[in-house]
Every structure is written in C-alpha cells, then in structure tokens.
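> Return atomic coordinates for the entry below.
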Amino acid sequence: MKSAVETLDPTRVRLTVEVPFAELKPSLDTAYKKIAEQVTVPGFRKGKVPPRVIDQRIGRGAVLEEAINTALPDLYSQAITENKIEVVGSPEVEVTEFADGEQLKFTAEVDVRPEFDLPEYKGVAVEVEDVAVADEDVDEQVDALRKRFGTLTGVERPVESGDFVTIDLIATIDGEELEDGTATGVSYEVGSNSMVDGLDEAITGKSAGEEAEFVSKLVGGSHAGEDADIKVTVGAVKARELPELDDEFAQLASEFDTLEELRADIRGRLERAKRFEQGAQARDKVLESVLTKVEIPLPAKAVDAEIDWRNQQLDQQIQQAGMTREGFLRLQGQDADTFAADLDKQVRDGMKAQFVLDRLADQEQLSVNQAELTQHLIRRASGSGMSADQFAKSVVDSGQVPALVGEVRRGKALQLILENAEIKDASGNAVDLSLLDTPALGEGPDAFGRELGDEHYGHDHA
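Here you go, the predicted structure:
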C-alpha cells in the first residue's frame, strides 16, 4: 500500500491511498465467507457455498463491494498511522479507482489537530473572590434544617407566607384550557415561588375554598415562555410549627450535643463549599488567561459536528420536558441568533482548551496509571446513574477507554497549570488549591467538550 498526504489548510488534509489488488485478498476471502453465511443455495450447506457459485448467483460485483467496505476502515487507519496524522472527527472517503483485478485507489479528507506553539503557562497571575461565611449564611442553613423537622397543622384562617396549601390550578390561553397547564390537589409552600410567578401574591390572604385569578408566564410544557391566565382555588391551609432553636434541637437534627457545635459544623461545611467555588473560579480564570496567549486555527467540520451534537442533545432534553425550542429560548431570555452565537463560542473555547491541554500533556510527558483511570471511571459512573462495573463495561464495549484516558491527562495538565499559577484572593492572600481534589478544579467528561478523535468512520463510493 502507498499513501500520500496533501495539506488543504492548517486543520485539514487529504490522504491519497493506493492498494494493489493482491493486498485485498484477505478482505475478499472475508467477503465470500460472509455472503456464504447469508445466502441459501440448493445443494450447499449454509456457509459452505463456493466462491464460484456466489459469483454466479450473487455476482462478483457484490463481493467486491463487500470486500471494499470491509477493507477501507483498516486501510484508512493504516494510512493515518504511517503518516503520523492526528485526526479530529470523521473522514470523508471517496473511492476514485477500482476494478476487478486492478488496484484500489481512494482519498480521505479529514480534520487534523492544528500546529501551534504552546503558550507560557507558568506564573499566570489571577485574583479570585475571598472565602467568607457570614452569620446570615449559617442562619439560613439552620432555618432550612428546622423546617425539615417542622410539623404541619391545619388552620382556619387566611393564607400567610410560609403556610402549606393544597391548590387546584387551571391555565388558559385565549380562553382555551391547556392540558399540561392543569393541576389538582397540589401541595405548595407559600412564599417559595417554586411554581409560577404571581401565585404567592394571588393566594396570600385567601381562605380555604376561595379562588384567585392572575396572569403569569408559563415555565414548562408546550407553551413555556407564553403568558397565560391562571385560575387557582385554595384547598386546605396548614401552618408549619418549627422546633425551638436549642441544644435539644441540635441533638434531634444532628450528631452534635449543642447548638453551638451544630452551627460550627454548618459554618465549616459552608466554608469548604465556598473554597471549592473559589477553586473553580481560579481554574476558569487561569485557563482563560493561558488561552488568550495563543491563536489556534480550529477545524471547521469538527466545530460544526460538535455544535450539531450539542443541539441534538438539547432538543432531546427539551422534548422530554414537553417543551419546544422556542419556549426554551423564551425562558432563557434569548433569541435563536444569540443562543447560536453563545453555543458557537462555548464549543470553540472548549476545543481550544482541549488542544492546549493535550499539547501540554504531551510536552510534559504526563501519563495515566491504572489507579488514576479507575478513580476517574468511578467518578464518571457516579454521575451517570450506573454502577462502576456497568459504566466500565459500557466504556470498554463502546471503545471509549482512550477518551477517558484523554480526560485524565487533560485534568493532570490543568492541575499542572494551576500549581504553577499565582492565585490570590481579593484581600491579597495567596490561595492554596493543593487541598482540593482534581474534580473540584473542573476535571470531568464535559469540562471541555467531547473527546476529539476519529471515533466515527464513514465513506461514500464514487
């Protein structure tokens, strides 16, 4: 086999491959065997039909086409390896010459990783927000805990904020009742603003059995984002009685003996959460600073493919929620053009980050051991709803192990950048991220978009 590479632009090449007919014999043998197992010919057992009979009954052309379909992926991969091409995405393959007994000639156009000089990543200086937990933050968490241990008691008085009410809702647009805008016997906490805007105001002051009407923008269903007329009927009204805030409550709601110990634990948890948020902010700012130092041409078809994939994923989620794309955009306060521009930027920024982190991982010869891969796999499994064994099997079966290795390497490259950065908070104090796990610093399956590789293969016969 002979192959040659032609550079079409900084991110795309064309491979020209010539294969002598003799090298196709293994693929021809495989094609005859496959067809023999699929056809029924009187006088021959299935799978034992001789090639000459297949040529007579099925046709030599069908065998040749099957052989080409079998051979092309391996021939393409061989050419990629021989020419040391780092491909991105799927190739566009075209058979340009082929006849029985003659050489096979095909071309493959494919996006490739761009060449660029890795920017200086050491000494990047950024400032992040201070970590501060106010007494009000602790009070809010304590109040939420008290509510969990509260009791509900029926009352005969008008609705007040904080009450729990049973309500019936009917939504109409232009007088037409909406099938997905009707609810009966719904329990609702007044003041939570967890359903539709205007509901709290409409039912506050109403008593059981009374009705109220108001206009609100729908937040779900097929008419999401549209204004609807809402009619609400108040059913039962219940008040929540909270436990006294004392040491006895601390013993009831936690493993601590005193309220002071409980508040101290809550403060510590809030501080740790804010430190993780601080770490995420540092990660984003440091990486953004590094990326601004380099211009990288991005493969257009790979960008388009990623945008298409993300749009498909979003449309599936919107459909499952019973919404439309138009309704979703209305809720987001965006029009189609603005959303498309934001998505395009996200994809390009993510792809650029992948290229830089992969190049850094190569330069620093970062490797991934089995323990690191296993740990990452367990983290991914926990977010997928599958057990670690199930997730591992799906990864292996789909050939995605290299993708997971790539994720870990990028995480380690990002960690290296952060370790060499100068990060201070708004008060001028140095921020130490060494205590934070890599996941808190943004390593993950979707941190920078999907894995960029030749995971898809397709071709068109000329």
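> If you count contacts, what does the longest helix seen in the chain end up packed against?
Longest helix in the chain, counting residues (DSSP state H): helix 259-291. Counting contacts by 3 or more Cβ pairs under 8 Å, 6 or more residues apart in numbering; DSSP states H and E, helix 259-291 is packed against strand 125-128, helix 135-148, helix 247-253, helix 336-363, helix 401-419, strand 422-425. Backbone N, C-alpha and C define where each C-beta goes, glycine included.
> Tell me which of these sits most buried.
Counting by mean count of other Cβ atoms under 10 Å, helix 401-419 has the highest mean neighbour count of the helices and strands packed on helix 259-291, with a mean of 19.
> And it, what does it pack against?
Against helix 401-419 (3+ Cβ pairs under 8 Å, 6+ apart) you get helix 259-291, helix 336-363, helix 370-382.
> Quickly, which of those bottoms out on average pLDDT?
Among these, helix 370-382 carries the lowest mean pLDDT, a mean of 90.
> And the next helix or strand after that one, what's buried?
Next helix or strand after helix 370-382 toward the C-terminus (DSSP states H and E): helix 388-397. Neighbour counts over helix 388-397 (16 or more other Cβ atoms under 10 Å) mark 391-392, 395 as buried.
> Centre of the chain to helix 388-397, how far?
18 Å (Cα atoms, centre = their mean, to the nearest Å).
> contacts for that helix?
For helix 388-397, the external contacting residues (Cβ atoms under 8 Å, 6 or more residues apart in numbering) are 377-378, 380-381, 384, 386, 400-401, 404.
> how about these in JSON lines, adding distance to Ile167?
As requested, the contacts of helix 388-397 are exported to JSON lines (distance: Cβ to Cβ, whole Å):
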{"residue": "Leu377", "distance to Ile167": "46"}
{"residue": "Ile378", "distance to Ile167": "44"}
{"residue": "Arg380", "distance to Ile167": "41"}
{"residue": "Ala381", "distance to Ile167": "40"}
{"residue": "Ser384", "distance to Ile167": "37"}
{"residue": "Met386", "distance to Ile167": "38"}
{"residue": "Gln400", "distance to Ile167": "47"}
{"residue": "Val401", "distance to Ile167": "52"}
{"residue": "Leu404", "distance to Ile167": "48"}
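> Pick the one among the residues you listed closest to Asp227.
Of all the contacts of helix 388-397, the one sitting nearest Asp227 is Ser384; the distance, using Cβ to Cβ, is 38.4 Å.
> Now for the closest one: which residues touch it?
Phe391.
> Starting from Ala228, give me the distance back to Ile173.
Noted for Ile173: a distance of 5 Å to Ala228, by Cβ to Cβ, to the nearest Å.
> More neighbours: those two, which one.
Ala228 (21 against 14; other Cβ atoms under 10 Å).
> so that one is in which element?
strand 227-241.
> How is this structure divided into domains?
2-112, 151-241, 268-461 (automatic domain parsing).
> Just give me how far the shortest one sits from the chain centre.
Relative to its chain's centre, domain 151-241 lies at 34 Å (Cα atoms, centre = their mean).
> okay, how far is it across that domain, tip to tip?
5 Å (Cα to Cα, to the nearest Å).
> which residues touch the closest residue to Lys293 other than its chain neighbours?
Counting by Cβ to Cβ, 6 or more residues apart in numbering, Pro119 is the residue found nearest to Lys293 once chain neighbours are left out, at 3.6 Å. Counting by Cβ under 8 Å, 6+ apart, Pro119 touches 290-291, 293-294, 356.
> part of a helix, is Pro119?
No: Pro119 is assigned coil when assessed by DSSP: H, G, I helix; E, B strand; the rest coil, not a helix.
> quick one: it from Glu241, how far?
To Glu241, Pro119 is 61 Å away according to Cβ to Cβ.
> about what we covered before: the contacts of Pro119 into a markdown table, with extra columns for distance to Ile167?
Converted to a markdown table, the contacts of Pro119 look like this (distance: Cβ to Cβ, whole Å):
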| residue | distance to Ile167 |
| --- | --- |
| Val290 | 53 |
| Leu291 | 50 |
| Lys293 | 56 |
| Val294 | 57 |
| Val356 | 53 |
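> Could you identify the most distant pair in those?
Lys293 and Val356 (9.4 Å).
> Now do Gly43: how many residues are near it, please.
6.
> Correct me if wrong, but it is in a helix.
No: membership of Gly43 in a helix is not supported by three-state DSSP, which gives coil.
> Look up how far Arg60 lies from it.
According to Cβ to Cβ, Gly43 stands 20 Å off from Arg60.
> which intervals of the stretch 1-150 of the chain have sub-threshold pLDDT?
The stretch 1-150 of the chain contains no residues with pLDDT under 70.
> those strands in it, which residues are they?
2-9, 12-19, 87-97, 104-112, 125-128 (DSSP state E, counting those that start in this stretch).
> tell me what the shortest one is packed against?
Other elements packing on strand 125-128 under the criterion 3+ Cβ pairs under 8 Å, 6+ apart are helix 259-291, strand 422-425.
> Quick one: distance of the longest one to the chain centre.
So that's helix 259-291. 23 Å.
> Only alpha carbons, please: show the helix or strand following that helix as PDB.
Per DSSP H and E, helix 259-291 leads on to helix 300-320 as the next helix or strand towards the C-terminus. C-alpha atoms of helix 300-320 as PDB (Å, rounded to 0.1, in the frame of the first residue of the first chain):
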ATOM      1  CA  ALA A 300     -14.300  23.800  10.900                       C
ATOM      2  CA  LYS A 301     -16.000  20.500  10.400                       C
ATOM      3  CA  ALA A 302     -15.200  19.400  13.900                       C
ATOM      4  CA  VAL A 303     -16.700  22.600  15.300                       C
ATOM      5  CA  ASP A 304     -19.800  22.100  13.200                       C
ATOM      6  CA  ALA A 305     -20.100  18.500  14.300                       C
ATOM      7  CA  GLU A 306     -19.800  19.400  18.000                       C
ATOM      8  CA  ILE A 307     -22.400  22.200  17.600                       C
ATOM      9  CA  ASP A 308     -24.800  19.800  15.900                       C
ATOM     10  CA  TRP A 309     -24.300  17.200  18.600                       C
ATOM     11  CA  ARG A 310     -25.000  19.600  21.400                       C
ATOM     12  CA  ASN A 311     -28.100  20.900  19.600                       C
ATOM     13  CA  GLN A 312     -29.400  17.300  19.300                       C
ATOM     14  CA  GLN A 313     -28.800  16.700  23.000                       C
ATOM     15  CA  LEU A 314     -30.600  19.900  23.900                       C
ATOM     16  CA  ASP A 315     -33.500  19.100  21.700                       C
ATOM     17  CA  GLN A 316     -33.900  15.700  23.300                       C
ATOM     18  CA  GLN A 317     -33.900  17.300  26.800                       C
ATOM     19  CA  ILE A 318     -36.400  19.900  25.700                       C
ATOM     20  CA  GLN A 319     -38.700  17.300  24.100                       C
ATOM     21  CA  GLN A 320     -38.500  15.100  27.300                       C
END
